[in-house]
Structures are given as C-alpha cells and as structure tokens.
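Asks: Just need the structure, nothing else, for what follows:
(one chain, ligands or ions: 1)
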Amino acid sequence: MMASSFSRRAVTGVVLILYLLGTWLAANASLSLQSLILVAGVFGILAISLDLVAGMLGLYSLGQGGFFGIGAYVTAIAVADFNVSPFLMLPLAMLASGLCGVIIGAMSLRVSGLYFAITTFIFTLVLTVMATDMQITGGTQGLLGPAFTDFPAGLAWLGAPVAWCILLALLAAVALVWNIRRSPLYPVLLAIRDAEPFAEAAGVQTSRIKIGVFGLSAALAGLAGWLFCFLGVVSPGQFDWSVSLNVLVMVLVGGINTTVGPLVGAAFVSMFPAVVAINPWLEEVLYGALSIIAITMFPAGVVGLIRLQFGKPATVPESTSVPAIAVLARDEDEAGLENAVECRGIDFSYPVGPKVLRDVSVTVRRGHIHGLIGPNGSGKSTLANVIAGRLRPVAGTVFVKGKPVNGLSPSGRARLGLRRTFQAAQLVRELTTSQNVSIGLYTTMPGIVRRAAVWPLLPSGRRDLSWMNSQAAGALHAVGAANWTGREVDDVPHGVEQLTQLASVCVAGPDIIILDEPATGLSSGEVAHLATILAGLKAKGVTMIIIEHQTRFLLPLCDQVTVLNAGEVVLTATADEVRANPIVRQVYLGE
Ligand SMILES: Nc1ncnc2c1ncn2[C@@H]1O[C@H](COP(=O)(O)OP(=O)(O)OP(=O)(O)O)[C@@H](O)[C@H]1O
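Replies: You can find the predicted model right below:
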C-alpha cells in the first residue's frame, strides 16, 4: 500500500517535471509554434470547463463561448478604458463569468437536455450580438488585448511569460478536475447526472450543486477568456456560437468525462488547420468528416478508445476491514415519539388522469415494519413517493418524526433520517457497487463539496475517503453482496443492484427506510437473506415501510400492514388479520 502510494507520487513528480520542461520549451519556441500551443492551451481550459458540466453532470452547455467572451471583453475593456491592472482582472473576469454562470444556471437548470442546450446557446448568441453592436466592445473590429508583463531580466531564460501563465493555468485546471474525480463528490455528480432521484434520496441538494458546478465551469471559461485576450485581438467572431459548438466537438472527440480527453480534443481542433495547411474549403470538409467519424465510430473519444485497449479504469481500492453498519443515535427529544411516519388524508393525482390516492391515512409506528400491499396500480409507489417527497400531495399532510414535511424536498427528508430504495434500481451504472453505496454517506461526511477541489491533497480527505470505502464495503458485506464490491453496476445481476440500493440506504444509519419491492429479482436464498437483514435492522430500532408483492416474504416480517386498492386504504391491521380478511382475500389475493 505504502509502496504503491510512493510509486504514484513518483509518477506524478516525473509527469510534473516533464510538463514544466515542456512549458519551458514552449515558452522559448518560435512565435508561430508558441501561438499554436498557447491557443490549444486556452481551448484546453475551455474544453475542461465544458467537460466539468457535460461529462460529470450531463449538462450540454452551449454557453461556454459566451462565458469565454465575458472573461476576455471584461479584461480588455477594463485595462484599455479604465487602466485597471490586467492581473487584478484575473479574479474579476472569473467572478464576472462565474456569476453569469450562476444566474444562467439558476434560470435554465429547471429544464434539461435539449432545452438547456438551447437556452445556453441563446445566451451566447445574445452576447455576440451585443459585442458586435456596442461601441465599448469595438464592434466587429474588436479590441486589442493588453500586453503581458515581461519577466525580470534575470529570469529572461524562462522565455515568454504569457506561455508560462497559460500552461500553468492549464495545469491548474487539469489538477482541479483530477482532484474532483478522486473525491467523493465525483460519484455524487454522476448520480445527479444518471440517477437524480437516487442522489436526492441520499440527501444531495441536486439543484444547488448543479448551479454551483455550472458557475465554476463558467468561471473556468472566464479564465480562458482572460488568458485569450493576451494573445491579440478580442473580437465577436472568437466567442460566437460556433466556438461553443467547437468546444463540444473537442470534448466529444477527445473523450467526454475524462481528464485528458478535452485536452486531446482541444489540440486536435485548434491545431488542425495549421497542421493540415491545405485550401480552407478542403480543410473544413476534412475537419468535419474526421469529427463525424470520430464521434460516431468512437463515442467514448480518443481516451475512451485507449482505455478500451488497455483495460478498464482503476476501481476504488477495497477495504480489508468490514465494520458493522452504523445506526444513527436517537435524539433525546425523539425518545417519546410514537409515530415515525404519518399520512393524514392524502389525495394525489398526476397531471393527467384520475386521482391515484384518495384520502389515504396511514400511521407507521416507530420501530415497526409496516407492509404496503395491493394490486398493481393501486398507488403503493405513488404513496412511497409522496412520503419521500418526490411527489407533493394535492391534499393532506405527511408527518415524519412528528414534523409536517409537505414543504420539504426529498433531500431535506433524507436529512431527517428518512431513506428509500426504488422499484427500478436507481444507480450509476458506470461506477462500482461500493462507489454507489458511498453516495449514501453524503449527509454524514461534512464538506464534500467544499473540499472536492483539493480532496486528494488533504490528509483528512484521504482519511475520510478510506473511511467511506470501508463503510461502503461493510454495508455491502452486511447485505450479502461482498463479492461484488469492486464491480461496476453494469456488470452485476439485477438482484445485486437491489442489494446495492439497500446497502446505500443502510450505510447512512437511517431512522426510517422505505423499500419499494426490495425482493424483486432476488433468488429464494437472497430473499431469505434479505428477510434476515431487515429483521436485523428492525432489532436496531429502524422503522421500515416495505412495498412488496411477495407476501410470503413480507407478511411474517410486518408489525402492521396497509392494504391499498384503487388508491384507497382497504385496511390497516396485523399480518394475521390481513390474511384472514375476506375483502383483502378478494381484492388482493383474488379469492
Ligand atoms: N408518472 C405517472 N403519470 C401518470 N400516471 C401514473 C404515473 N405513475 C403511475 N401512474 C398511475 O398511477 C397509478 C398508481 O401507480 P403506482 O405505480 O403508484 O401503483 P403501484 O401500486 O405501485 O403498482 P405496482 O405494484 O405495479 O408497482 C397507476 O394507475 C399508474 O398507471
């Protein structure tokens, strides 16, 4: 372990030395070669800024050209018209772009996919029109960017200072995303991208994180703009919508959601015309054809292709110690609390269709296992979603631990100690089972977002990550999925997905768990093991609401059972009373 960490540090050291040597060579290269490298470096930062949101959050922003332009114009105008120091403009340019990112993000993140792309595209379009028409921006002619300060005479051997500035900024941007990828925030971001309900149910405030990361991405684009203005003229054509599209091509060609991919893509796109050096029309055709071939034939990009050749990426190191699953200590003022969850007079209907829940009242006693059964379509999952906060009732109130929670989001309810699993497992398929389970620890680990940018550099970060890995391994062990700890979810059977969901819930030590059809896809042996796990959780005082069609598995576990039919409560009683009830036998058991 120590040897491997030493060799990792040695490799990082060698790479850093080679990078600095490369920077020195670039800073002393001929002007034409240097400008080629520096433009590629600036676009590398821009591509990284896009990959941060597109790769990790699935938000395909076409606003990067606009944020890039804001960084460049703000700097060029402040230096030329107001005589501000260009270096003071570095944080200001990043702040200006970042703030615009936060505003655009807060406005447009309500929509996703195509609508998000179009909104950010329009933002870039409007900025380009403004830059073209306004006097202060120099119209179509643009503005001459400021000159970069020279090194003192004694340091002249270092070469062009602007080259050092751009290439060190690129290194910092790479380090930022590298660190984020090695922090516990990374699985959380992928969960927001691929399984948002899962992330919310783990207590993640997904909208805030999306807006924050989008703001960071915009600030990075602003940094690229600040650097770009030292390379010559700042004019509207350099920041228009085609720039945003080209940056997307860079990310896709190089490899989306990879650290090095955006750099490879940026080098390819920005150096292509100079390297090919043919008639411009042919060059455009060739560039377009190559890009289309690369994106369609190798959707994972150049880096993805290399990974395929040389094996899968490294998975999270497994822990050798297997701790028991923690259960949250109960608050003293909860000691007298009788009911864990209470639904009073809940009505619910989806935007289209009739009422799905009608005047549903259910009380779940603290420490009980409460079964929820009923025929298909009777409203069980809908009720689970209402309790967990994914759906808002049109009438009635939900209480969790005695508190009315109608206004509380799923993540807010998770923070109250209410966790849940989903009927169709919500997991990040490209991550390992243990990485998925560690997402469940989000609320128990302080500062995941704040520390992410420097996580691997912090001794506390390394310690916390190893603790999280060992907790995740322990939870997988406890649910009987220890053999699948390091496997990607894509490679595990459906039953193990169910167990992974359960582990991600248990790992947080919840007070209340809602399980939506947890036995689906499990073998009979696994179902028996599941019953033991649930009985064990109950013995620790955890309250559970279990939706399940396999009554032979469910009823022996339950203290109380509620039977739903066509959105109405038929009966709430003990398992024996439910079994004996003639109406239940008729509506549910079909007798
Ligand atoms: N997103 C939706 N939009 C519109 N109607 C929906 C939606 N989800 C569920 N329904 C409808 O609401 C009703 C209750 O569905 P729900 O999934 O809650 O039932 P269920 O008891 O959990 O069923 P099952 O046991 O099959 O999972 C059904 O008629 C279903 O078609």
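Asks: In contact with Met130, which residues?
Replies: Thr137 (Cβ atoms under 8 Å, 6 or more residues apart in numbering). No exception for glycine: its C-beta is placed from N, CA and C like everyone else's.
Asks: Please read the previous query as pertaining to Val505.
Replies: 419-421, 440, 513, 515.
Asks: mind listing what Cys506 touches?
Replies: 325, 440, 475, 478-479, 513, 533, 537.
Asks: ditto for Ala147
Replies: Phe230.
Asks: Could you pull up phi and psi at Gly367?
Replies: phi 80, psi 0 (degrees, to the nearest 10).
Asks: next one: Glu430
Replies: phi -90, psi 0.
Asks: can you count the residues close to the closest residue to it other than its chain neighbours?
Replies: Leaving aside its chain neighbours, Glu430 sits nearest to Glu488 (6.2 Å; criterion: Cβ to Cβ, 6 or more residues apart in numbering). Number of residues near Glu488 (other Cβ atoms under 10 Å) recorded here: 18.
Asks: so of the contacts of Cys506, which ones are in strands?
Replies: Among the contacts of Cys506, the ones falling in strands (DSSP state E) are Ile513.
Asks: Can you tell me which of the contacts of Cys506 is closest to the ligand?
Replies: Proximity to the ligand was ranked across those by Cβ to the nearest ligand atom; first place goes to Ile513, at 17.1 Å.
Asks: so what's that closest one scoring on pLDDT?
Replies: With respect to pLDDT, Ile513 scores 96.
Asks: Just give me the neighbour total for it.
Replies: Neighbours of Ile513 under the rule other Cβ under 10 Å: 23.
Asks: Ok, Ala535 next?
Replies: Quick note: Ala535 (other Cβ under 10 Å) scores 12 neighbours.
Asks: pretty sure it is in a helix, no?
Replies: Yes. Assessed with DSSP: H, G, I helix; E, B strand; the rest coil, Ala535 lies in a helix.
Asks: was I right about it contacting Leu557?
Replies: Yes. Ala535 lies in contact with Leu557 (Cβ atoms under 8 Å); the separation is 6.6 Å.
Asks: can you give me the helices for the stretch 1-150 of the chain?
Replies: 2-27, 31-57, 64-82, 89-108, 113-133 (DSSP state H, counting those that start in this stretch).
Asks: Can you say which of these is packed in most?
Replies: helix 64-82 (a mean of 26; mean count of other Cβ atoms under 10 Å).
Asks: Kindly calculate the angle that that helix makes with helix 89-108.
Replies: With axes from the mean of the first three to the mean of the last three Cα atoms, to 10 degrees applied, the angle from helix 64-82 to helix 89-108 works out at 140 degrees.
Asks: for helix 64-82, the distance to its chain's centre please.
Replies: How far helix 64-82 lies from its chain's middle: 30 Å, per Cα atoms, centre = their mean, to the nearest Å.
Asks: Report the backbone C-alpha coordinates of it in CSV.
Replies: Provided in CSV are the C-alpha atoms of helix 64-82 (Å, rounded to 0.1, in the frame of the first residue of the first chain):
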residue,chain,number,x,y,z
GLN,A,64,-19.1,28.3,-23.0
GLY,A,65,-18.4,30.7,-25.9
GLY,A,66,-20.4,33.4,-24.1
PHE,A,67,-18.6,32.9,-20.7
PHE,A,68,-15.2,32.8,-22.6
GLY,A,69,-16.2,36.1,-24.3
ILE,A,70,-17.2,37.8,-21.0
GLY,A,71,-13.7,37.0,-19.5
ALA,A,72,-11.9,38.4,-22.5
TYR,A,73,-14.0,41.5,-23.0
VAL,A,74,-14.2,42.5,-19.3
THR,A,75,-10.4,42.3,-19.2
ALA,A,76,-9.7,44.1,-22.4
ILE,A,77,-12.2,46.9,-21.6
ALA,A,78,-11.1,47.3,-18.0
VAL,A,79,-7.4,47.5,-19.0
ALA,A,80,-7.9,49.8,-22.1
ASP,A,81,-10.6,52.1,-20.8
PHE,A,82,-10.2,52.2,-17.1
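Asks: residues touching the nearest residue to Asp490 once chain neighbours are set aside, list them.
Replies: Leaving aside its sequence neighbours, Asp490 sits nearest to Arg429 (Cβ to Cβ, 6+ apart; 4.5 Å). Shown in contact with Arg429 (Cβ under 8 Å, 6+ apart): 194, 488-490.
Asks: Could you measure from Ala424 over to Gly66?
Replies: For Ala424, the distance to Gly66 equals 38 Å [Cβ to Cβ, to the nearest Å].
Asks: for Ser291, that is, sorry about that
Replies: According to Cβ to Cβ, Ser291 and Gly66 sit 22 Å apart.
Asks: before we move on, the earlier item: quick check on the contacts of Cys506: which are buried?
Replies: Among the contacts of Cys506, those scoring as buried are 325, 440, 475, 478-479, 513, 533, 537 (criterion: 16 or more other Cβ atoms under 10 Å).
Asks: Taking those residues together, which two end up most distant?
Replies: Gly440 and Ile533 (15.1 Å; Cβ to Cβ).
Asks: Would you mind listing the outside residues contacting stretch 523-536?
Replies: Residues contacting stretch 523-536 (Cβ under 8 Å, 6+ apart): 369, 478-480, 495, 499, 502, 506, 515, 518-519, 522, 544, 546, 550, 553, 556-557.
Asks: Just those: which are in strands?
Replies: Reading strands off the contacts of stretch 523-536 with DSSP E, I get 369, 515, 544, 546.
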